[in-house]
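*Asks:* coordinates only, sequence not included:
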């Protein structure tokens, strides 16, 4: 079955950095567009970043542009989210998502999801 497993979350001070990883299994990873989303308590799930199957295109939410970088290693079936200059408002559960054809910001369009990893940024 399809599994997306996130890791790398944790507690970090404002201004710090974290790198999230999402390893996929059960899919032909190189065929899928991969996205990162996040959800804070009481808020809707929101788009963070997405990259296409080749890793040649990346789009970001305005709130993270210049601070976060999405990348992927198709040989390792893994997508990454490098987060720098973290702010308390980045605190959320971060999810990776996969879709064969969709490359956009709407979470409802993605077929597969991980279980999430908690990122907490203290002020």
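*Replies:* Sure thing, it's come through. In this text the structure is predicted, and so the values were computed from the model without any measurement. Numbers count the residues shown, from 1 in each chain.

*Asks:* Residue 48 is in contact with residue 68, isn't it?
*Replies:* Yes - taking contacts as C-beta atoms under 8 Å, residue 48 lies within contact range of residue 68: 6.7 Å. Yep, even glycine has a C-beta here, placed from its N, CA and C like the rest.

*Asks:* Just give me the neighbour total for residue 8.
*Replies:* A total of 16 residues lie near residue 8 under the criterion other C-beta atoms under 10 Å.

*Asks:* what bridges to the closest residue to it other than its chain neighbours?
*Replies:* Taking C-beta to C-beta, 6 or more residues apart in numbering, and ignoring the residues beside it in sequence, residue 8 has residue 20 as its nearest neighbour in space, at 4.2 Å. Using DSSP bridges, the bridge partners assigned to residue 20 are residue 81.

*Asks:* What are the neighbouring residues in contact with residue 20?
*Replies:* For residue 20, the residues meeting the contact criterion (C-beta atoms under 8 Å, 6 or more residues apart in numbering) are 6, 7, 8, 9, 36, 80, 81, 83, 94, 96, 117, 119.

*Asks:* Let's have the residues you listed in a markdown table, adding pLDDT, secondary structure and distance to residue 24.
*Replies:* Output for the contacts of residue 20, formatted as a markdown table (pLDDT from 0 to 100; DSSP: H, G, I helix; E, B strand; the rest coil; distance: C-beta to C-beta, whole Å):
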| residue | pLDDT | secondary structure | distance to residue 24 |
| --- | --- | --- | --- |
| 6 | 98 | strand | 10 |
| 7 | 98 | strand | 12 |
| 8 | 98 | coil | 15 |
| 9 | 98 | coil | 17 |
| 36 | 98 | strand | 13 |
| 80 | 98 | strand | 12 |
| 81 | 98 | strand | 14 |
| 83 | 98 | strand | 20 |
| 94 | 98 | strand | 15 |
| 96 | 98 | strand | 8 |
| 117 | 98 | strand | 14 |
| 119 | 98 | strand | 20 |
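
*Asks:* Alright, I will stop here.
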